[in-house]
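Peer 1: Sequence and predicted structure are below.
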Amino acid sequence: MINPNLDIFDLRKIQINKTKAELENNGKRQQKEVSSDMLGTFTPVDRDPVKIIQITEANMIPELLPLRHQRMLASRFAFFRGTAELMEHDLKRQAQSKLPIIICGDAHVNNFGFYASPERKLLFGLNDFDEARIGNWESDLKRLLVSAELAGEENSFDRNDLYRLLQLTTKTYRHTIKSANKMSLSQLFYFSFAYEDMGKAIESFGDISTQMQTVLNKVLKKSQRSNSEEIIQKMATINNQGHPVFRDNPPRARHLSAVRYQQIVKGYNKYCENVRQDVRVLLANFHISDIIRYSVGVGSFGTRCYLILLTGNDNSHIVLQVKEAMPLRYNLLSLPVQQVIRNGGIAGQRIVAAQRILQSSSDRFLGSTTFGGRSYYIRQFRDMKESINVNKLDFESFQFYCQTCAYLLAMAHFQSPTAPMIRGYLKHQKKLDTLLPNWALKYVDQVTADYGQFKLAIAEGKLIN
């Protein structure tokens, strides 16, 4: 159903003129073509992980690669987060359900978090869409399961307990698909999962309520302080002209050449022309005070990422993040170079569209632009955006967190008109609660082997350190 030589985010692929019942039957038929046993069978892969990493990093900023590698060396999980291209490569070699929906493409446990709705309500859900595309539902679920195992082992949780957690996470996804299939289209469209919903869900788990509630309370307090004015206090200073400017902290934070500065200004002006009208009117009250290159994350560390400091006519501030929208790593190793470049030119639009579809409510400032021959997306920087540190959770809270991620992943998947096909495929397939965790454990062994080769390449100087 999915032709990899076409645009991987062509929404016409999920606009199928069939009833829900017909779509479910399509899913049931696909179950006979690609069985659960096939989906849960790990096919060994034969590739050079270092070479694939080098292909990905060829388009990144060389100065930032040593720090990027330091972050990836921290643990197997950090390495896994920074190398989505490896799993993308490997998933193509596995049996695939071939049920086209919009997927996150990188649904590991650290890519869920809190963010603000336009009404300043704290929501929880997926928060990274750089690899979003039309794809297979199990790709997201498998990445979630592998990340849960890696993070759980890093926390020194019992291996048997973790295996049951993976089973429960898979079951949660499967049951949520069943529940979502019973919801009306309007209910699905308006679905959101707020901070208060998380608190209510915890109450049913009894023993973990105190520990998890403490974590959530800290997140709530921190998110309420997380805004542009706080960023200015932490990251900016006043220059000789009395204007706020960012502090340099090379190589992570560095001011730009005059040419690059003007390119970003033009890109920002283009963004303002295309963003929502209410945001455009608001931004008319602001002018650019400063721009800095500021790198974030693990997987995206090394890409071109900038912060724009805007000052209003009332002396208030907004900080916008301008983040490079890279060509999909899913395509990077398989498509002709010119096709990858063409796809990359609209990557910002793809990421913005995916975020608006997969998130229950998105940042009002979210938009895309292009400059300097590259594609970017723009959003508010750290505005009420917080995450749960999974390394600080006890086992019961970690299990609840993984279940919540699986629940929200299934709800995000059900925003696609083709999602009832997943319900048809999963019907009476309890065996997947064991088959997919088994697949994930075997893939963890692959990650461990790749991590070892990565460390060796660093030691031998094949990768910059």
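Peer 2: That came through, no problem. Fair warning: this is a prediction, and the values are worked out from it, not measured in the lab.

Peer 1: Confirm for me that Y163 is in contact with L441.
Peer 2: Yes. Checked against C-beta atoms under 8 Å, the pair Y163 and L441 is within contact range at 7.4 Å. To be clear about C-beta, it is placed using only N, CA and C from the backbone, and glycine gets the same treatment.

Peer 1: Can you point out the buried residues in stretch 94-107?
Peer 2: For stretch 94-107, the neighbour count (16 or more other C-beta atoms under 10 Å) marks 94-97, 99-107 as buried.

Peer 1: In strands, which of those appear?
Peer 2: Using DSSP state E to define strands, the subset of the buried residues of stretch 94-107 located there is P100, I101, I102, I103.

Peer 1: which residue ranges form the helices in the stretch 251-400 of the chain?
Peer 2: 258-274, 277-283, 329-332, 337-345, 347-358, 395-413 (DSSP state H, counting those that start in this stretch).

Peer 1: returning to that earlier point: with distance to Q70 as extra columns, can I get the ones in strands among the buried residues of stretch 94-107 in TSV?
Peer 2: Output for these, formatted as TSV (distance: C-beta to C-beta, whole Å):
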residue	distance to Q70
P100	38
I101	36
I102	34
I103	30
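
Peer 1: now the buried residues of stretch 94-107 as JSON lines including pLDDT?
Peer 2: What follows is these, written out as JSON lines (pLDDT from 0 to 100):
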{"residue": "Q94", "pLDDT": "97"}
{"residue": "A95", "pLDDT": "97"}
{"residue": "Q96", "pLDDT": "97"}
{"residue": "S97", "pLDDT": "97"}
{"residue": "L99", "pLDDT": "96"}
{"residue": "P100", "pLDDT": "93"}
{"residue": "I101", "pLDDT": "96"}
{"residue": "I102", "pLDDT": "96"}
{"residue": "I103", "pLDDT": "96"}
{"residue": "C104", "pLDDT": "96"}
{"residue": "G105", "pLDDT": "94"}
{"residue": "D106", "pLDDT": "96"}
{"residue": "A107", "pLDDT": "97"}
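
Peer 1: need these in JSON lines with distance to Y401, can you?
Peer 2: As requested, these are exported to JSON lines (distance: C-beta to C-beta, whole Å):
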{"residue": "Q94", "distance to Y401": "26"}
{"residue": "A95", "distance to Y401": "29"}
{"residue": "Q96", "distance to Y401": "28"}
{"residue": "S97", "distance to Y401": "26"}
{"residue": "L99", "distance to Y401": "27"}
{"residue": "P100", "distance to Y401": "29"}
{"residue": "I101", "distance to Y401": "24"}
{"residue": "I102", "distance to Y401": "24"}
{"residue": "I103", "distance to Y401": "21"}
{"residue": "C104", "distance to Y401": "17"}
{"residue": "G105", "distance to Y401": "21"}
{"residue": "D106", "distance to Y401": "17"}
{"residue": "A107", "distance to Y401": "14"}
